[in-house]
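> Quick one: sequence and predicted model below, then my questions.
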Amino acid sequence: MPSKSKKTKSSGRFGARYGKKAKSKLVNVEEKQRKRQKCPFCEREGAKRLSKGIWQCQKKSCGKKFASGAYNLK
């Protein structure tokens, strides 16, 4: 599998297919979903995506698992 470059980021896995605009939109969504986000219960940066729509706060004091948006918390 070809390695991703700095310029293409995570969309480098698609090579020359699908066009620049579609790949750049995908990169934006994937960067948001992989970033730790603000937990709605403890109000701190610590919620991490486990799977589609399932999130869990990684802070020891909170640790709640909850459902929200598929790609980022709403």
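Perfect, I can see it now.

> Was I right to think F66 contacts P40?
Yes - using C-beta atoms under 8 Å, F66 is in contact with P40, at 7.3 Å. Just so you know, the C-beta spots here come from the backbone N, C-alpha and C atoms, and that holds for glycine as well.

> Show the contacting residues for G63.
Neighbour list for G63: Q56, C57 [criterion: C-beta atoms under 8 Å, 6 or more residues apart in numbering].

> Is my assumption valid that it occupies a position in a helix?
No - G63 is assigned coil when assessed by DSSP: H, G, I helix; E, B strand; the rest coil, not a helix.

> how about the strands in this structure?
37-38, 45-51, 54-57, 65-67 (DSSP state E).

> any idea of the mean pLDDT for the last one?
The one in question is strand 65-67. The pLDDT scores in strand 65-67 average 96.

> what about it, distance to the chain center?
Chain-centre distance of strand 65-67: 15 Å, with C-alpha atoms, centre = their mean, to the nearest Å.

> And the contacts of that strand?
Strand 65-67 has contacts (C-beta under 8 Å, 6+ apart) with P40, F41, L50, G53, I54, W55, Q56, C57.

> Make a PyMOL selection of whichever of those residues turn out to be buried.
Per 16 or more other C-beta atoms under 10 Å, the buried members of those correspond to this PyMOL selection:
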select buried, resi 55+56+57
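
> need the contacts of strand 65-67 in TSV with distance to L73 and pLDDT, can you?
Below are these laid out as TSV (distance: C-beta to C-beta, whole Å; pLDDT from 0 to 100):
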residue	distance to L73	pLDDT
P40	7	94
F41	11	95
L50	13	94
G53	10	94
I54	11	96
W55	7	96
Q56	12	96
C57	11	96
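
> Select, from the contacts of strand 65-67, the two members most distant in space.
Spatial extent of those (C-beta to C-beta) is set by the pair F41 and G53 at 16.6 Å.

> I'd say K64 and C39 touch.
Yes - the criterion here is C-beta under 8 Å, and K64 meets it with C39 at 7.2 Å.
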